[in-house]
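Q: Could you look at this predicted model? Sequence included:
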Amino acid sequence: MWATIQIVLGLLGVLLALGGSRLSQPMATSAGITCFALASVAIGWEAILTRKIVLGSRLRGTRQTYSGAAAILQGILFNLLGLFLISLTAVIHLNNGRELLRYFARRPGLLLLLFGALCLMQAVISFAGSLEDREGPRWMVILNLLASRRLPALILGMVGVGATALGFFEIIAPDIFDQMGGGVLEMLYGRR
């Protein structure tokens, strides 16, 4: 059932996006992007409910199978991607998004919190690793654990904690945040 929903939404998204682009119909293009977003949400909910997700291709040798908490977090990431695409198309149709861009340039706390949460989720996924990372000779599994899982997880975790702390700090004390250098975004995007 999940695969059928994902395939139908994906194909409908391609047809609408290409048709809207060729026929200069922005509404059809936005509908196509929304279909892609809904396909992403369907992938996310399948991963959350089944606690298993397979990414990549077996033919190319890039297959990665996640289970448990890593699959649930991957599902949350797919849901957030879908919500981002839906909100992006809504902003495009409501106005050109310039006012929203100015708001986030003045108050980036919410975006910093979101970015920090995404980094922390990806750190947990990287630390848990895929099922394919745990297969093979013992020395290769240990090498994968240290080099390709623990180190990126540590870096992503530190970036996530830093971004989350900055986001909370900007929300709690925006004036102090601006005095410490937060006004750089306002200068870049023009506060008017």
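A: Okay, I see it.
Q: the strands in the chain, which residues?
A: 52-55, 64-67 (DSSP state E).
Q: Counting neighbours, which bits of the first one end up buried?
A: Buried residues in strand 52-55, counted by 16 or more other CB atoms under 10 Å: 52-53. Yep, even glycine has a C-beta here, placed from its N, CA and C like the rest.
Q: Point out where this structure drops to low pLDDT.
A: 61, 95-97, 136, 139, 182-192 (pLDDT under 70).
Q: the helices in it, which residues?
A: Along the chain, counting by DSSP state H, helices occupy 2-22, 26-50, 69-94, 98-106, 109-128, 138-143, 151-172, 174-177, 184-189.
Q: Just send the ones you listed back as JSON lines, with mean neighbour count and distance to T62 too.
A: Compiled in JSON lines, the helices of the chain are given as follows (neighbours: other CB atoms under 10 Å; distance: least, CB to CB, whole Å):
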{"stretch": "helix 2-22", "mean neighbour count": "15", "distance to T62": "19"}
{"stretch": "helix 26-50", "mean neighbour count": "19", "distance to T62": "17"}
{"stretch": "helix 69-94", "mean neighbour count": "18", "distance to T62": "15"}
{"stretch": "helix 98-106", "mean neighbour count": "14", "distance to T62": "34"}
{"stretch": "helix 109-128", "mean neighbour count": "19", "distance to T62": "16"}
{"stretch": "helix 138-143", "mean neighbour count": "10", "distance to T62": "17"}
{"stretch": "helix 151-172", "mean neighbour count": "16", "distance to T62": "17"}
{"stretch": "helix 174-177", "mean neighbour count": "14", "distance to T62": "41"}
{"stretch": "helix 184-189", "mean neighbour count": "13", "distance to T62": "37"}
